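# I'd like to go over a predicted model; first the sequence, then the structure.
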Protein chains: 2
Amino acid sequence: MPKQVDHRERREAIARALWRVVEQRGMAHASVREVAEEAGISHGAVQHYFATRAEMLVFAMDFASEQTSQRVAASVGKLGDPPHPRDMLRAMLVEMLPLHDDARATSRMSAAYVLEALHDANIHTRARDGLKHGRDLVKRIVRQAIKEGHVSADRDPVTETTLLLALTGLTPLLELTVISPREALAAIDQHLDRLFSRSVSAPTPAAPPARGR
Amino acid sequence: MPKQVDHRERREAIARALWRVVEQRGMAHASVREVAEEAGISHGAVQHYFATRAEMLVFAMDFASEQTSQRVAASVGKLGDPPHPRDMLRAMLVEMLPLHDDARATSRMSAAYVLEALHDANIHTRARDGLKHGRDLVKRIVRQAIKEGHVSADRDPVTETTLLLALTGLTPLLELTVISPREALAAIDQHLDRLFSRSVSAPTPAAPPARGR
């Protein structure tokens, strides 16, 4: 079906143009007009592929998520078979952070999309579903790692998943060069080392052993 | 000096109007015109207080940081004397996350400001300085906690500071209701419990004890 392939290719080219606009100028510039200019096609051609700006944004974000997943899959493919859950989680985190050009483009798209979602009900639903999907994926890996004994059974998979996702909070620190990529990776490794260390005796809420007051 | 007080008050009122615009409509709407409308004053009056949109944004962000610091100081003031470093860090994290109305306004302002900083050299410098200031503050608390024996001496204060700041990555999860405020607080408490637990034997890079391969 060459026509459908072409349709998909054109939509992806427009999505990439939108990423570049968002990365280089910011989401406020991601209008049909500026994206068409960046893609080197007419305003009408963009409208042929996307009825509205919101539709264009949603596709561009879905495509960014797909590309991130593909980069993760490529990294995981280079790991052992089966891949160690620690390495899988590390590959996911690394590709979600702006540590190289491709990841920077999708990371900026993602950050801008979350803010856009706060003021657009449709985008809100889509962005929420996207984050929930990512969360479910991480939770499955954590549960499996506990089941296989890589992670201590006294760890709560829900809380551990939340803490892993929170590491995307390194993004503004990296973007504004407050921390170096090396420092970001050291923090990720430290967090993963602790998660996958079974020698930890977690303090109980009733009697935290080390508050020392 | 009543005139200076009035000047400051007017600038703060404009800054709060800008926060409301950013919170309710997004940074793309934070023009001098829309902020003037939201503040209920004339376009010219805003320009009397701020020569440019960028100047208005910078002031609004500085004011947001000040207000966040004041909320943290108020929380810390209710703690023991001297306050425990764990509780100080918790108070800081809680006020940086969108867990109540005031914090939501300053958190959205902050997220939008980071994205704005990527395309404006002056805002970039200011935003970077702001994040570095916050980082230095957290690092000082962590170093002091290690010195006083609340945190194990084998913890690296730089990495621990990075991991604490990364917890602001809970923001998109909270904003899009992927996690509840209760889950966010459980994650923060879990992280702080581990940081302040001296019973942890951190795995060494040379021989991670629990990778189990």
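It's in. Please read all numbers here as calculations on a predicted model, not as lab measurements.
# low-confidence ranges in chain A?
For chain A, applying pLDDT under 70 flags the ranges A:1-5, A:198-213.
# tell me, what residue is most central in chain A?
What sits nearest the mean C-alpha location of chain A, by CA atoms, centre = their mean, is A:Met96, with 4.0 Å.
# out of everything not next to it in sequence, what's closest to that residue?
A:Thr168 (5.4 Å; CB to CB, 6 or more residues apart in numbering or on different chains). Placement of C-beta: from N, CA and C, glycine included.
# next: A:Met56.
A:Phe50 (3.9 Å).
# I figured A:Glu116 was touching B:Gly26, is that so?
Yes: A:Glu116 is within contact range of B:Gly26, at 6.9 Å (criterion: CB atoms under 8 Å).
# list the buried residues of stretch A:143-152.
By neighbour count on 16 or more other CB atoms under 10 Å in any protein chain shown, the buried set for stretch A:143-152 is A:143, A:145-146, A:150-152.
# looking at those residues, which is nearest chain B?
A:His150 (5.7 Å; CB to the nearest CB).
# surely that closest one touches A:Phe196?
Yes: assessed by CB under 8 Å, A:His150 is found in contact with A:Phe196 at 5.8 Å.
# just list the residues touching A:Pro83, thanks.
By CB atoms under 8 Å, 6 or more residues apart in numbering or on different chains, A:Pro83 lies in contact with A:Val76.
# all helices for chain A, in order.
For chain A, the helices defined by DSSP state H occupy A:2-24, A:32-39, A:43-49, A:53-77, A:85-96, A:101-117, A:121-147, A:157-166, A:171-175, A:181-195.
# go ahead and produce CSV holding the CA coordinates of the last one.
Only the C-alpha atoms of helix A:181-195 are listed here, as CSV (Å, rounded to 0.1, in the frame of the first residue of the first chain):
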residue,chain,number,x,y,z
PRO,A,181,25.5,14.0,32.0
ARG,A,182,28.1,12.1,34.1
GLU,A,183,26.5,13.3,37.3
ALA,A,184,23.1,12.3,36.1
LEU,A,185,24.3,8.8,35.2
ALA,A,186,26.0,8.5,38.6
ALA,A,187,22.7,9.4,40.3
ILE,A,188,20.8,6.9,38.2
ASP,A,189,23.3,4.2,38.9
GLN,A,190,23.3,5.0,42.6
HIS,A,191,19.5,4.7,42.7
LEU,A,192,19.5,1.4,40.7
ASP,A,193,22.3,0.0,42.9
ARG,A,194,20.2,0.7,46.0
LEU,A,195,17.0,-0.8,44.4
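# who's in contact with that helix?
So helix A:181-195 is contacted by A:86, A:89-90, A:93-94, A:97, A:99, A:151, A:155, A:160, A:163-164, A:167, A:170, A:173-174, A:179, A:200, B:156, B:158-159, B:162-163, B:166, B:194, B:200, B:202-203, B:205, B:208 (CB under 8 Å, 6+ apart).
# one more pass at 6 Å, please.
A:86, A:90, A:93, A:99, A:151, A:170, A:174, B:159, B:162-163, B:203 (CB atoms under 6 Å, 6 or more residues apart in numbering or on different chains).
# quick check: angle from that helix to helix B:157-166?
Between helix A:181-195 and helix B:157-166, the angle comes out at 80 degrees (axes from the mean of the first three to the mean of the last three CA atoms, to 10 degrees).
# thinking again about what came up before, tally of neighbours for the residue nearest to A:Met96?
Number of residues near A:Thr168 (other CB atoms under 10 Å in any protein chain shown) recorded here: 23.
# same check on the one 3 residues further on?
For A:Thr171, the count of nearby residues is 24 (other CB under 10 Å).
# mind listing what it touches?
Contacts of A:Thr171 (CB under 6 Å, 6+ apart): none.
# go again with 10 Å.
A:Thr171 makes contact with A:96-99, A:104, A:107-108, A:110-111, A:184, B:114, B:166, B:168-169, B:172, according to CB atoms under 10 Å, 6 or more residues apart in numbering or on different chains.
# likewise for A:Thr159?
Going by CB under 10 Å, 6+ apart, the list of residues near A:Thr159 reads A:142, B:179, B:183, B:186-191.
# go with 8 Å
Contacts of A:Thr159 by CB under 8 Å, 6+ apart are B:183, B:186-187, B:190.
# in TSV: these, plus neighbour count.
As requested, the contacts of A:Thr159 are arranged in TSV below (neighbours: other CB atoms under 10 Å in any protein chain shown):
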residue	neighbour count
B:Glu183	17
B:Ala186	18
B:Ala187	25
B:Gln190	19
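# out of these, who's nearest chain A?
Using CB to the nearest CB, the contacts of A:Thr159 come closest to chain A at B:Ala187, 4.2 Å.
# the residue lying closest to that closest one once chain neighbours are set aside and A:Lys78, how far apart?
Spatial nearest neighbour of B:Ala187, excluding adjacent residues (CB to CB, 6+ apart): A:Thr162 at 4.2 Å. Here the criterion is CB to CB, to the nearest Å. By it, A:Thr162 lies 28 Å from A:Lys78.
# who's more crowded, the two?
A:Thr162 (26 against 9).
# spit out the contact partners of that one.
Taking CB under 8 Å, 6+ apart, one finds B:170, B:173, B:179, B:183-184, B:186-187 in contact with A:Thr162.
# quick check: closest non-adjacent residue to the residue in chain A positioned nearest to chain B.
Closest contact between chain A and chain B, by CB to the nearest CB, is at A:Gly169 (2.3 Å). Of all residues not flanking A:Gly169 in the chain, B:Gly169 sits nearest, at 2.3 Å (CB to CB, 6+ apart).
# what about that neighbour, neighbour count?
22.
# how close does it get to B:Val72?
Taken as CB to CB, the span from B:Gly169 to B:Val72 is 19 Å.
# now swap in A:Arg104 and tell me
31 Å.
# and A:Glu37, by the same measure?
45 Å.
# tell me which of the two has more neighbours.
B:Val72 (18 against 15).
# pretty sure that one sits against B:Met92.
Yes: using CB under 8 Å, B:Val72 is in contact with B:Met92, at 5.3 Å.
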